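Chemist: sequence? don't have it. structure:
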């Protein structure tokens with residue numbers, strides 16, 4: 001009996017015919033999600049960048065322009081002399097110098113002592129290191145406001161008042177607990193076999209610390225240094241407490257000089273000084289941020 005050979009409709013053919021539509025739907029969902037992400041990122045950029053633009057435009061306004069016109073209006077006259085007045089009359093140059101003289105030594109001591117303490121607490125084996133780490137962690141829980149009065153008394157009795165040493169010592173003491181904790185945590189990821197091999201080769205503790213551990217934790221040093229730098233640079237409370245001399249004020253305290261005796265504020269030079277402070281530290285952050293990211297990727301382990 002003859003039969004007619006009819007084509008069999010397989011599920012494979014149906015799946016093949018349905019593939020273009022499914023792919024188009026997938027592409028549409030991906031495009032929609034990307035547009036949503038771009039919109040959120042754009043909104044965040046506006047939120048972050050607009051205050052900087054407004055601050056820069058405000059620094060170019062005259063005092064009458066700031067008081068009589070809208071806060072969001074553009075300057076009627078571009079007062080570029082506000083920056084010169086902030087640098088000369090406002091003594092921003094002197095305050096920047098004082099900030100550098102206080103921040104750089106304190107940051108160097110924090111990184112040196114914090115790295116050495118992290119090495120001793122995680123790499124070296126000795127009795128009581130766990131308790132010592134807890135003591136450092138307890139230092140993170142002490143509010144800085146509680147230690148200002150005792151420190152002021154100590155600095156006055158030891159004759160350190162009237163210098164930048166109170167700032168350097170206080171910044172070092174308040175920055176060490178967090179630095180020790182972060183460096184100790186980072187040392188946990190360093191292979192112990194490296195130090196064992198160095199010991200077998202005859203290296204002592206100091207040589208193992210300087211030649212092996214410090215190069216391996218340079219990424220952590222950059223990260224911790226960046227964090228501590230901004231903590232110290234933006235400090236107002238400690239600097240205001242221990243700088244009783246006009247010539248020793250840091251930049252954060254020096255910004256208060258733009259307010260007159262009767263509460264009158266020179267807004268143009270004030271915002272110019274703020275721009276010098278903010279944009280200078282912003283450039284440092286962008287530069288160091290790239291260095292940190294490059295260091296982290298170059299130090300990654302390749303399998």
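Modeler: Looks like it came in fine. It should be emphasised that the depicted structure is a prediction, and the values quoted were computed from it without experimental measurement. Numbers count the residues shown, from 1 in each chain.
Chemist: quick one: low-confidence parts of the stretch 1-150 of the chain?
Modeler: Along the stretch 1-150 of the chain, the parts satisfying pLDDT under 70 run over 1-30, 32.
Chemist: hmm, try it at 80
Modeler: Counting by pLDDT under 80, the ranges of the stretch 1-150 of the chain that qualify are 1-33, 71.
Chemist: Residue 110 - nearest residue in space that isn't next to it in sequence?
Modeler: Of all residues not flanking residue 110 in the chain, residue 175 sits nearest, at 4.4 Å (CB to CB, 6 or more residues apart in numbering). For the C-beta atoms, the positions are set from N, CA and C on the backbone; glycine is no exception.
Chemist: for residue 129, that is, sorry about that
Modeler: Distances taken as CB to CB, 6+ apart put residue 121 closest to residue 129, at 5.2 Å, once the chain neighbours are dropped.
Chemist: For residue 201, what are phi and psi?
Modeler: Residue 201 adopts backbone torsions of phi -80, psi 0, taken as degrees, to the nearest 10.
Chemist: For it, give its distance to residue 216.
Modeler: 16 Å (CB to CB, to the nearest Å).
Chemist: And the two? Which one has more around it.
Modeler: When neighbours are counted by other CB atoms under 10 Å, residue 201 and residue 216 differ, and residue 216 comes out ahead with 16 against 9.
Chemist: The more buried one reaches residue 191, doesn't it?
Modeler: No - taking contacts as CB atoms under 8 Å, residue 216 lies outside contact range of residue 191: 9.1 Å.
Chemist: where do the helices sit along the protein?
Modeler: 11-58, 63-68, 81-88, 92-122, 129-139, 144-157, 165-187, 192-200, 205-208, 214-216, 218-233, 237-242, 251-254, 267-298 (DSSP state H).
Chemist: Return the list of helices and strands in contact with the fifth one.
Modeler: Other elements packing on helix 129-139 under the criterion 3 or more CB pairs under 8 Å, 6 or more residues apart in numbering; DSSP states H and E are helix 92-122, helix 165-187.
Chemist: Check the third one too.
Modeler: In terms of contact count using 3+ CB pairs under 8 Å, 6+ apart, helix 81-88 is assigned the packing partners helix 267-298.
Chemist: tell me which residues in the helix it packs on are buried?
Modeler: By 16 or more other CB atoms under 10 Å, the buried positions in helix 267-298 come out as 267-277, 292, 295.
Chemist: Also stretch 149-164?
Modeler: Of the residues in stretch 149-164, those buried (16+ other CB under 10 Å) are 151-152, 155, 160-161, 164.
Chemist: next one: stretch 97-110
Modeler: For stretch 97-110, burial by neighbour count (16+ other CB under 10 Å) applies to 98-99, 102-103, 105-107, 109-110.
Chemist: try stretch 213-229
Modeler: When burial is assessed from 16+ other CB under 10 Å, stretch 213-229 yields the following buried residues: 213-214, 216-217, 219-226, 228-229.
Chemist: what separates residue 149 from residue 191, distance-wise?
Modeler: 46 Å.
Chemist: ugh, wrong one, residue 174
Modeler: Using CB to CB, residue 174 is found at 32 Å from residue 191.
Chemist: Equivalent analysis for residue 45, please.
Modeler: Counting by CB to CB, the separation of residue 45 from residue 191 is 41 Å.
Chemist: Check the offset of stretch 156-163 from the chain's centre.
Modeler: 31 Å (CA atoms, centre = their mean, to the nearest Å).
Chemist: go on, stretch 275-294?
Modeler: Stretch 275-294 has its C-alpha centroid displaced from the chain centroid by 9 Å (CA atoms, centre = their mean).
Chemist: What mean pLDDT does it get?
Modeler: Mean pLDDT, stretch 275-294: 80.
Chemist: Report the contact partners of the nearest residue to residue 137 once chain neighbours are set aside.
Modeler: Of all residues not flanking residue 137 in the chain, residue 181 sits nearest, at 6.0 Å (CB to CB, 6+ apart). Counting by CB atoms under 8 Å, 6 or more residues apart in numbering, residue 181 makes contact with 133, 136-137, 140.
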